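Asks: Generate a structure from the sequence data that follows.
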Amino acid sequence: MDRLIGSRQLVLEEDIIEVRAFIDLFMIAPQTVVDEAKFCCMQLGAGCAISLPAAPAIGLNRILGLAALDDVGKAYEWMTKKTGRRYLQMNTDVVPLQVLDWIRTRGLFPEGNGWAKLRRAAPAAPLAHAGEVTTREVNIDEAEIFGSMMCAGFNFPEKLIPLWSAIVGKEGWTCFFAKLGGKPIATGAMYASGNFAWLGGGATVPEFRNRGAQKALIAARLNHGARQGVQTFVVETAQPSAQEPNISHANLIATGFEQIYSRVNYRFTDAS
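Replies: Residues are numbered from 1 along each chain as shown. This is a model prediction of the structure:
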């Protein structure tokens, strides 16, 4: 591929739906979270920069979906004024070479194994899930329970419970519980726009892990999205290696997803 063609063309639709999900998350965030947790987001081209210093996760403190050097530079300057662990995420297989040179001159270096981007088509027939775990959609009056389980699962502070609670029942979003013996034990979320859907929010209560909850939630979201007319589902998870296997990656592959590329996570230095 010619890396000098229009940069907007270098941003995959599979990444654009992810960007839209996080921009929408910011747009529906309670004002208290925006003000007290310093939650902010800037959209640039097909991508965005998002900052939530109180969240330890890469997903809420990163630049993503950008390929044009001007946009990357603007997002970088914006992000340097934020706090917390910050990252620039790149699909290095497609961005222009001058962007990679620019990254090196800024002293940004890859951290960890990166992220795997996975995709699958909508199932032609509803997927069945065998086992004792069942799934259902989260009701509006259960939003706080959903938010608290998400925060516990991702080790987020309790002050961010309202953020995840806010997506329950919102347009474009569908939230699910996995249940065992009638008790919610895991969460999953889906953001759909047009023919694409992004999957996220997969968190399981520690004592109920390895019981099949996440596989059940993947199937539930695929089935629900297919009924809505979604044609392509995407998701990200940590890139596994021989030294660091990833059960989430294995679950996704087992449910028909294929990895389409590996995204590099460049961490900002303290001097950035």
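
Asks: Name the residues linked to the spatially most central residue of the chain by a beta bridge.
Replies: Nearest to the mean C-alpha position of the chain, by C-alpha atoms, centre = their mean, lies Gly200 at 5.3 Å. Taking DSSP bridges as the rule, Gly200 bridges to Ala189.

Asks: just checking, what packs against the strand or helix carrying Ile17?
Replies: Ile17 is part of helix 13-28, with elements assigned from DSSP states H and E. Judged by 3 or more C-beta pairs under 8 Å, 6 or more residues apart in numbering; DSSP states H and E, helix 13-28 is in contact with strand 40-44, strand 47-51, strand 61-64, strand 115-121, strand 183-193, strand 196-204, strand 232-238. Just so you know, the C-beta spots here come from the backbone N, C-alpha and C atoms, and that holds for glycine as well.

Asks: show me the contacts for the residue lying farthest from the centre of the chain.
Replies: Going by C-alpha atoms, centre = their mean, the residue of the chain most distant from its centre is Gly181, 29.0 Å out. Residues near Gly181 by C-beta atoms under 8 Å, 6 or more residues apart in numbering: none.

Asks: Let me know which of the helices and strands packed on helix 13-28 is the nearest to Arg86.
Replies: strand 61-64 (5.1 Å; C-beta to C-beta).

Asks: Now do the helices in the stretch 101-250 of the chain.
Replies: Along the stretch 101-250 of the chain, counting by DSSP state H, counting those that start in this stretch, helices occupy 143-154, 161-165, 213-228, 247-254.

Asks: could the helices and strands packed on helix 13-28 be laid out in JSON lines, adding mean pLDDT and distance to Met150?
Replies: Formatted as JSON lines, the helices and strands packed on helix 13-28 follow (pLDDT from 0 to 100; distance: least, C-beta to C-beta, whole Å):
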{"stretch": "strand 40-44", "mean pLDDT": "97", "distance to Met150": "19"}
{"stretch": "strand 47-51", "mean pLDDT": "97", "distance to Met150": "17"}
{"stretch": "strand 61-64", "mean pLDDT": "98", "distance to Met150": "17"}
{"stretch": "strand 115-121", "mean pLDDT": "98", "distance to Met150": "19"}
{"stretch": "strand 183-193", "mean pLDDT": "97", "distance to Met150": "5"}
{"stretch": "strand 196-204", "mean pLDDT": "96", "distance to Met150": "5"}
{"stretch": "strand 232-238", "mean pLDDT": "98", "distance to Met150": "16"}
